[in-house]
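Engineer: got a sequence here, can you build the structure:
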Amino acid sequence: MNKTQLRALLAFTLVAAALPAAARHPNLIVIFTDDQGYGDVGVFGAKGFTTPNLDRLAAQGRIFTNFHVAQPVCSASRAALLTGCYSNRIGIHGALGPNARHGIDAGEVTLAELLKQPGYATGMAGKWHLGRPEPFLPVHHGFDEYYGLPYSNDMWPFHPEAKAGTYPPLPLLENDLQVKDGLNPEDQEQLTTNYTERAVAFIRRNRDRPFFFYLAHSMPHVPLHVSSKFRGKSELGLYGDVIMEIDWSVGEVMRTLDELNLTADTFIIFTSDNGPWLSYGTHAGSAGPFREGKGTAWEGGTRVPCIMRWPAKIPAGTTCNDMIVTIDLLPTIAHLTGAPLPMHPIDGLDVWPIISGAPGAKNPHEGYAWYYENNQLQAVSSGDGQWKLQLPHTYRTLGGRPGGRDGIPARYEQRTLAGPQLFDLQHDSGETTDVAAAHPEVVALLLDFAEKMRADLGDSLTKREGKGVRPPGLVPAPKSKS
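Structural biologist: Numbering: from 1, shown residues only. From the prediction side, this is the model:
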């Protein structure tokens, strides 16, 4: 055991000893969907389909109306969720392709690795997307077991946007072994069911010890696939069918916890990895009242539905409007379990007082930074969630036009903000009216915060290199056969 590991063990022992027994080891289940919009859950205003299980989870737990992902795209969002870091701090940008030779570095501490310290069983089913070569897969980053896709389900040769030879056949993995090569549409129709069955089996096997399960659904990312159980069930068509099946999945997890008398001891977090992919129109979800969607730093890109339940710990049937970001989950869970935080810098902070509804709870952050593309700092927000400053950048939009139909996307157009624009999200959550001229002091504060972020994490838009970034893990490209 090296000195760093010894210090971590001693820290954990001291903290854990000071905690009451009932608070030490809650089970944790994180359900993370793909491209599900803010408006795609019944209690968040969904239309054309129902989500009775998610609505029941909300009635038994708490709705978070101002919950955000750290970046509005697949890999970057997942890296932030699992490490408590802005993804660009750890060298993860955008969405990693199947042929990428980089991924999450071995030195980073994932939520699974954090929870291994106090003795949790850890499992995952679903979309990983933090690196495909073996060193980057979940079982090498704290998960005892894994079943799922290493990246997005559209990264395969038969996607309508894929050029010939762009992608290899879509693989299905068990731990770090490829168990199926080239999933066809019929295989994908069973993904939601198969992931759910894996989650339920894991819970049953580990009922007598604390456990963490990460259920990262591939749906509703295009191409959409649904099993015969839900095909044709919704008024909205295929997209609604897919969400109804995800809701069934949540219900199966809840039913299993009830059956095993584990509900009171289990903390469930349900949310999505980013906003809806609006260009897909009828195969995309809704951002609700918010502007734009996936792939933008507007609210529709980062603000996602979120429900949390932990009976007797989180007040049931309540709504929280305070701002929280996925980077805050790891340090909050560390607090709840007594697990020591990583020795290296992370960006999240403990927000348990907000989650638990403590009187007078306030967000501890000065602000949040919204990066996208290749380390572009596109916006910053105040930690209390009231003010958001959109910085000069180019973003994609449909410009009011409808999205595509039947899985074929409409084309985005590019628009550029020439100067900073300030929005008062408490009174204008749709980011419709620039109030920068009326609040120069707020603009100045947020610009100062942006400069702090540039010094730490860099900003390719202003050609700044950050001093606090860490490189991703790298594996050499395979040698070509001569």
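Engineer: in this structure, where is pLDDT below threshold?
Structural biologist: 1-24, 157-167, 480-482 (pLDDT under 70).
Engineer: so what's the residue nearest in space to the middle of it up against?
Structural biologist: Centroid-nearest residue in the chain, with CA atoms, centre = their mean: Asp273, separated by 3.4 Å. For Asp273, the contact set (CB atoms under 8 Å, 6 or more residues apart in numbering) comprises 32-35, 69, 74, 77-78, 81, 304. Heads up, the C-betas are built off the backbone N, CA and C, glycines and all.
Engineer: before we move on, what about Val304?
Structural biologist: 36-38, 67-69, 271-275.
Engineer: so which of the residues you listed is the closest to Val242?
Structural biologist: Gln36 (9.2 Å; CB to CB).
Engineer: secondary structure element for that closest one?
Structural biologist: Gln36 belongs to no helix or strand when elements are defined using DSSP states H and E.
Engineer: hmm, back to that, can you tell me which of the contacts of Val304 are in strands?
Structural biologist: 67-68, 271-272 (DSSP state E).
Engineer: can you tell me which two in these are farthest apart?
Structural biologist: Farthest pair in those, by CB to CB: His68 and Ser272, 10.6 Å.
Engineer: returning to what we had before: how about the residue nearest to the centre of the chain: what's its closest non-neighbour residue?
Structural biologist: Leaving aside its chain neighbours, Asp273 sits nearest to Ser77 (4.4 Å; criterion: CB to CB, 6 or more residues apart in numbering).
Engineer: for Asp406, same thing?
Structural biologist: Thr282 (6.5 Å).
Engineer: contacting residues around that neighbour?
Structural biologist: 237-239, 403-406.
Engineer: show me the domain layout of this protein.
Structural biologist: 14-365, 368-457 (automatic domain parsing).
Engineer: would you reformat these as JSON lines and include distance to Val475?
Structural biologist: Output for the domains of the chain, formatted as JSON lines (distance: least, CB to CB, whole Å):
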{"stretch": "domain 14-365", "distance to Val475": "5"}
{"stretch": "domain 368-457", "distance to Val475": "20"}
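Engineer: which of the ones you listed sits most buried?
Structural biologist: domain 14-365 (a mean of 21; mean count of other CB atoms under 10 Å).
Engineer: ranges for the strands of the stretch 151-300 of the chain?
Structural biologist: Using DSSP state E, counting those that start in this stretch, the strands of the stretch 151-300 of the chain run over residues 171-174, 177-181, 211-216, 266-272.
Engineer: to Asn153, which of those strands lies closest?
Structural biologist: strand 171-174 (10.5 Å).
Engineer: outside of that closest one, which residues touch it?
Structural biologist: Under CB under 8 Å, 6+ apart, the answer for strand 171-174 is 137, 146-150, 178-183, 187.
Engineer: from those, pick the one nearest Thr337.
Structural biologist: Tyr146 (21.5 Å).
Engineer: list just the nearest of the contacts of Thr282 to Asp428.
Structural biologist: Of these, the one sitting nearest to Asp428 (CB to CB) turns out to be Gly403, at 24.2 Å.
Engineer: so what's the closest one closest to, chain neighbours aside?
Structural biologist: Closest to Gly403 by CB to CB, 6+ apart is Gly281, at 2.6 Å.
Engineer: let's see the lengthiest helix in the chain as CSV, backbone CA atoms only.
Structural biologist: Criterion DSSP state H: the longest helix present in the chain is helix 238-259. Output of helix 238-259 as CSV, limited to C-alpha atoms (Å, rounded to 0.1, in the frame of the first residue of the first chain):
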residue,chain,number,x,y,z
LEU,A,238,-42.0,5.7,-31.5
TYR,A,239,-40.4,8.3,-29.2
GLY,A,240,-43.2,8.0,-26.7
ASP,A,241,-43.1,4.2,-26.9
VAL,A,242,-39.4,4.3,-26.0
ILE,A,243,-39.9,6.6,-23.0
MET,A,244,-42.8,4.4,-21.8
GLU,A,245,-40.4,1.4,-21.9
ILE,A,246,-37.8,3.4,-19.9
ASP,A,247,-40.5,4.2,-17.4
TRP,A,248,-41.3,0.4,-17.2
SER,A,249,-37.6,-0.1,-16.5
VAL,A,250,-37.7,2.3,-13.6
GLY,A,251,-40.8,0.5,-12.3
GLU,A,252,-39.0,-2.9,-12.4
VAL,A,253,-36.2,-1.4,-10.3
MET,A,254,-38.6,0.1,-7.8
ARG,A,255,-40.6,-3.2,-7.6
THR,A,256,-37.5,-5.2,-6.9
LEU,A,257,-36.4,-2.9,-4.1
ASP,A,258,-39.9,-3.1,-2.6
GLU,A,259,-39.9,-6.9,-2.8
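Engineer: picking up where we left off before, relative to Gln178, how far out is the residue nearest to Asp406?
Structural biologist: 33 Å (CB to CB, to the nearest Å).
Engineer: next: Ala361.
Structural biologist: 46 Å.
Engineer: got a list of what Ala59 touches?
Structural biologist: 316-317.
Engineer: which SS state does it fall under?
Structural biologist: Of the three states, Ala59 takes helix under DSSP: H, G, I helix; E, B strand; the rest coil.
Engineer: ditto for Ile29
Structural biologist: Ile29 - assigned by three-state DSSP - is strand.
Engineer: of all the domains of the chain, which lies closest to Lys479?
Structural biologist: So among the domains of the chain, domain 14-365 is nearest, using CB to CB, at 12.6 Å.
Engineer: which residue packs closest to Gln421, ignoring adjacent ones?
Structural biologist: Asp434 (4.2 Å).
Engineer: so the one you found touches Ala418, yeah?
Structural biologist: No - using CB atoms under 8 Å, Asp434 makes no contact with Ala418, being 11.6 Å away.
Engineer: can you give me the helices for the stretch 51-200 of the chain?
Structural biologist: Using DSSP state H, counting those that start in this stretch, the helices of the stretch 51-200 of the chain run over 52-60, 74-83, 111-116, 185-189, 191-205.
Engineer: beta-bridge partners for Arg309, please?
Structural biologist: Going by DSSP bridges, Arg309 is paired in beta bridges with Ile268.
Engineer: now it: how far from Ser356?
Structural biologist: 12 Å.
Engineer: and Leu170, what is it in contact with?
Structural biologist: 149, 153, 155-156, 182-183.
Engineer: between these, which is nearest Ala369?
Structural biologist: Met155 (27.9 Å).
Engineer: quick one: the closest one from Pro223, how far?
Structural biologist: 11 Å.
Engineer: with Gly293 instead?
Structural biologist: Using CB to CB, Gly293 is found at 18 Å from Pro223.
Engineer: who touches the helix or strand encompassing Ser381?
Structural biologist: With elements taken from DSSP H and E, the one containing Ser381 is strand 376-382. Strand 376-382 has contacts (CB under 8 Å, 6+ apart) with 297-298, 323, 366-372, 387-391, 393, 395, 425, 442, 445-446, 449-450, 453-454, 457, 459-462.
Engineer: apply 7 Å and report the result again.
Structural biologist: With contact meaning CB atoms under 7 Å, 6 or more residues apart in numbering, strand 376-382 is reached by 297, 367-372, 387-391, 393, 446, 449-450, 453-454, 459-461.
Engineer: narrow those residues to those in strands?
Structural biologist: Reading strands off the contacts of strand 376-382 with DSSP E, I get 367-372, 387-390.
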